[in-house]
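Visitor: Provided below for reference: sequence and predicted model.
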Amino acid sequence: MSAPHFKSKLGRFTAITSIAALSLSGLAACSGSASGSGSEEAGGTITYWASNQGSSVTQDEEILGESIKRFTEETGIEVELEVVPWADLYNRILTAVSSGEGPDVLNIGNTWATTLQASGAFVPFEGEALEAIGGAEKFVPAALATGGAEGQAPTSLPLYSMAYGLYYNTKMFEEAGIKQAPKTWDEFLATAKKLTKDTDDDGKVDQYGFTLAGQRTANNAHSAFILGMQNGGELYTTDGKPDFTNDGVVSGVNDWIQLMGEDGVVSKSNAEINDGSVLPGEIMDGNAAMFFDQAPGKSFNAAGFKDYAMAPIPLKNADATGLEATQSLVAGINVSVFENSDNKDAALEFVNHLLSVDEQKKLNAKYTSLPSVTEAFDDPAFDTPEQQAKKEILANNAAPMPLFPTEGQMESLVGEAIAKQFARIAQGEKITEADVRKALEDAQKQMPAS
Amino acid sequence: MSAPAQTPPRISEPLKPRDASRAIKRSSIKRDRFFPYALSAPAAFLELLIHIIPMLLGVWIAFLSLTQFSIANWVKAPFVGLQNFTTALDPNGPIGSQFFDALGRTFLFTFLVVAIAWSLGIFAAVLLASKFRSNGFFRTLFLVPYALPSYVTTIAWAFMFNQRDGMVNRFLVEDLGILEEGPFWLLGGNSFFVMVVVAVWQFWPFAFLMLLAALQSIPNEVYEAASLDGASLWKQFTRITLPMIKHANVVLLLMLGLWVFNQFDIPYLLFGPVSPEEATLISPLIYQQSFNNWNFGVGGALSVVLLIALLIVSAFYIRLVMPKGKSIDD
Amino acid sequence: MIETRGFRILRVFGLAFITLIIVLPLYVVLTTSIKPLKDVRGAFEWIPSEITLAPYLDIWTTVPLGKYFANSLIVTISATILSVSIAILAAYALSRFDFRGARSFRLIVLSTQMFPGILFLLPLFLIFTQLERAVGLQLNGTYLGLIVTYMTFSLPFSIWMLTGFFAAMPKELEEAAMVDGLGRLGALLKVVLPVARPGIIAVSVYCFITSWSEVLFASVLTNSDTRTLSIGLQAYASQTDVYWNQMMAASVVVSIPVLVGFLFAQRHLVAGLSSGAVK
């Protein structure tokens, strides 16, 4: 910048002040950007991306804000919290990974753990890092197993544990004279059919036995996993190749799809739903009697709704054992530390705080999920009938989603394939098992070679 | 492109005090040589930073194997040559067949939306070109859909087309009683139709605006002369109006066509991250491949093919409709 | 066109038809925004069971709408002012000077209009990151990054339109001004711009609308501090209940700035376009 043209004193004065102002604002910009990417000093500030666990982002901010306050009082480390809605979380993580610019600590859906592990962008929990948070022994083993591929140090640790269950409207069960939640798939279908009816005699069915979010890919993929297992099929071969078209998976997916098709116990309008968070509303409004979910308790509680209960997801074979007795995936949220974090010590300290017995109890109680740390898991506070049933499922009838790096792609592709079948049924098409097989075949062809 | 980029980044000239003006006039010939470059430099810099360089990087990505294994260190992602292109363009492969379907569908979508939007636009413009009472009111009203943010209107349309509780099905089934059961508008073949409706509703006011402006530059005497000769309204329209607004039309159709062809917001807000098969356009397909399936190389290859297709079609279009020696920006 | 009786009849029916098409969705949005929540949980009703303004109060607490609103205003206004200023300079150069590279510059700017946004979403993000590392300039997740991006999006159309506009203005205007002792830039500021006002308003409106409505880049380039309305508005749907009444009330509220600006500028818009773009 040169100022040769200014002749008067006033001109020179203006020039000098404007240069001063420029350099000042330059300095301000520099310091601003430095603090934006995380501070270097010990103590300092870290950023935390939390997933949306509560019934709203605002509720999350309240719950986690309290936990962070306790942490800051104890350690002096400030935590900047951002609750990222589910629709954005995967993309945000992806952009963080590709740019190396991300939060210090973040939540992930535990089914993404292996896919994200493959990116190498997260701190592996081994040696000192693992000791810093209290060692592997403190965790519920099934939950810890979701942290990454077998035989590798996990890059994420379980924070909230969940399991799928069959949730139902107890009033509707009573009215229909149903005493007990169904235990087998056949019983389940019979119950659902009994509950599917025309309540006001106008010739149109207005109450359905079951409800699902037809366009929600993740839930569809989870159902494919659970029902596939029950039918004796797994989505991957043992050496990590996608295997979507084996008979077990095809019949499992077919069972799921025919709920809306042949069985007719799901309203066709459900084919349009792409957000699972509206399903509890369907139950509360009496539009449908049953659905599969992980932790809808907080939504029911928020609405003051009490007439619900939970049972394990019905089994294809009543006396199945081993993998065929799968009733849920080991669902949950894991927490990771970003490899590029400027303040890993503080980040680990925060993870340690979130995984402490006290915080585990407090947070999981609020979110109606289960602790992933054994000592909190065994606490009597988590012994309601629903929680006991969930614990039972996690201990005996749950398996982690496939722990291969292409799991993320599998969830989108299988989930989309199923969503498309629901769309076809909604428009009056009949879907056969052969159609299901064909759709899964197409999905498998799009899987990246790994 | 290189010329303006190399100019020194002089952003503005200080305003000269009055007594210096004579000196400036003397040197103005020399200054003029750099002046236009200085004026275009900021625009050139932005175009380079936000459009050109990212586009070149996008082309480069199309030759890389960029997945979750390499994204964290994308600078070192393995080079795979044309492999992404063979995957993306294999008409028998799952991605290639989707791509060609989507390409054809996007052309059809563009044609329908542009044709309907233009027809509505010219119709309304002709009706409102002359002055009459409440003319201003209708003009303003017709421009409202253009002024509303597109995410607002698209969400509203999704609400109206909802199968179970939407306004459209309520109207068809309960008010008119012409249908037993409400059809699904956001799934299957209907979803394509809905997408066209939403796009036309949003885009036609822009056509209306441009065409109204063009009509106003036609002097009324031309029509007066024609009507004295006994030319019918239709004849006046085809013989006078259309030829006189030809240049405006060329530009309008090209701009509208490109906007509609690259449309992402409408399907994304109507259907969510995955469009129904029957309504998958090109941009959402690329988004799906890149961001849902983490296959950025293939997504990049699809983008490059799309860009080439657009360049060819646009160049062909400009050749076809522009008189020789004239260019679109004249 | 010369008005005949037939034309007038056609006009009445034509205008009625188009009005209906336009008003119907607006009616749905407005009536839904004043319905109580119970009205929007079931099937659509044409008439609200009762009229309530509660949704207009609740929208500010369900979602931090005020913050998103402020963010959108900051980003959009900055982008509009900067983009239009830069476009004026470039368009002036293109319309008044015959310089080497002018033609290719014009062509390249125009052809960037055809880039599908999806093509450079990820690359742009990666470049911002590299800039951040190299120069320490934070672009991802900041206002600056979004402003710079939106500025550029509306540049091609703005430059192209203003070039046509300036070219249509007689050169003698500025020459006279320069004889009077104003420099080139002075002539541009004091003489050309006032005359070009309708064109500049038209371009500003275009730029404002483009930035205010953008969804794709906002979803990647913003964080919770800088989130704009286009992303924030979707939060009403991801609650346990879809608060359709609040969603529509918020839609009305976020549309007001663009509508007001648009109505205010509408008069100039047609004039601006007819002397600039469509010649």
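Guide: Here it is on my side, so go on.
Visitor: C-alpha from now on. contacts and neighbour counts both.
Guide: OK.
Visitor: tell me which parts of the stretch 1-150 of chain B are close to chain A?
Guide: Contact residues (Cα under 8 Å from any Cα of the partner chain) of the stretch 1-150 of chain B with chain A: B:68-74, B:93-95.
Visitor: now the stretch 51-200 of chain C
Guide: Contacts of the stretch 51-200 of chain C with chain A, taken as Cα under 8 Å from any Cα, map to C:62-63, C:125-126, C:129-130, C:136-138.
Visitor: Now the buried members of those residues.
Guide: Burial by neighbour count, 16 or more other Cα atoms under 10 Å in any protein chain shown: within these this picks out C:62-63, C:125-126, C:129-130, C:136-138.
Visitor: any chance of those in a markdown table, plus secondary structure, pLDDT and distance to chain B?
Guide: Putting these into a markdown table (DSSP: H, G, I helix; E, B strand; the rest coil; pLDDT from 0 to 100; distance: Cα to the nearest Cα, whole Å) gives the following:
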| residue | secondary structure | pLDDT | distance to chain B |
| --- | --- | --- | --- |
| C:T62 | helix | 79 | 18 |
| C:V63 | coil | 81 | 16 |
| C:F125 | helix | 83 | 9 |
| C:L126 | helix | 84 | 9 |
| C:T129 | helix | 82 | 12 |
| C:Q130 | helix | 82 | 11 |
| C:G136 | coil | 81 | 16 |
| C:L137 | coil | 84 | 14 |
| C:Q138 | coil | 84 | 15 |
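Visitor: Against chain B, how distant is the residue nearest the centre of chain C?
Guide: For chain C, the residue nearest the mean C-alpha position is C:I209 (1.5 Å; Cα atoms, centre = their mean). Separation of C:I209 from chain B (Cα to the nearest Cα, to the nearest Å) stands at 7 Å.
Visitor: can you give me the helices for the stretch 251-400 of chain A?
Guide: With DSSP state H, counting those that start in this stretch as the criterion, the stretch 251-400 of chain A has helices at A:279-284, A:297-302, A:344-354, A:357-367, A:374-377, A:385-396.
Visitor: Can you redo those helices as JSON lines, where the extra columns are mean neighbour count and mean pLDDT?
Guide: Converted to JSON lines, the helices of the stretch 251-400 of chain A look like this (neighbours: other Cα atoms under 10 Å in any protein chain shown; pLDDT from 0 to 100):
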{"stretch": "helix A:279-284", "mean neighbour count": "23", "mean pLDDT": "91"}
{"stretch": "helix A:297-302", "mean neighbour count": "18", "mean pLDDT": "84"}
{"stretch": "helix A:344-354", "mean neighbour count": "21", "mean pLDDT": "94"}
{"stretch": "helix A:357-367", "mean neighbour count": "18", "mean pLDDT": "93"}
{"stretch": "helix A:374-377", "mean neighbour count": "20", "mean pLDDT": "92"}
{"stretch": "helix A:385-396", "mean neighbour count": "19", "mean pLDDT": "90"}
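Visitor: nearest to C:K67, of those helices?
Guide: The closest of these to C:K67 is helix A:297-302. By Cα to Cα, the value is 25.3 Å.
Visitor: Which other helices and strands does the closest one contact?
Guide: Counting contacts by 3 or more Cα pairs under 8 Å, 6 or more residues apart in numbering or on different chains; DSSP states H and E, helix A:297-302 is packed against helix A:279-284.
Visitor: and the residue of the stretch 1-150 of chain B nearest chain C?
Guide: Per Cα to the nearest Cα, B:S40 is where the stretch 1-150 of chain B lies closest to chain C, at 4.3 Å.
Visitor: so that residue sits in a strand?
Guide: No - read with DSSP: H, G, I helix; E, B strand; the rest coil, B:S40 is helix and lies in no strand.
Visitor: ok, now which ones touch it?
Guide: B:S40 is in contact with B:4, C:86, C:89-91, C:93, counting by Cα atoms under 8 Å, 6 or more residues apart in numbering or on different chains.
Visitor: thinking again about what came up before, and the helices of the stretch 251-400 of chain A as CSV, adding distance to C:M248?
Guide: What follows is those, written out as CSV (distance: least, Cα to Cα, whole Å):
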stretch, distance to C:M248
helix A:279-284, 20
helix A:297-302, 23
helix A:344-354, 38
helix A:357-367, 29
helix A:374-377, 43
helix A:385-396, 38
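Visitor: Quick one: closest of the ones you listed to A:T432.
Guide: helix A:279-284 (26.5 Å).
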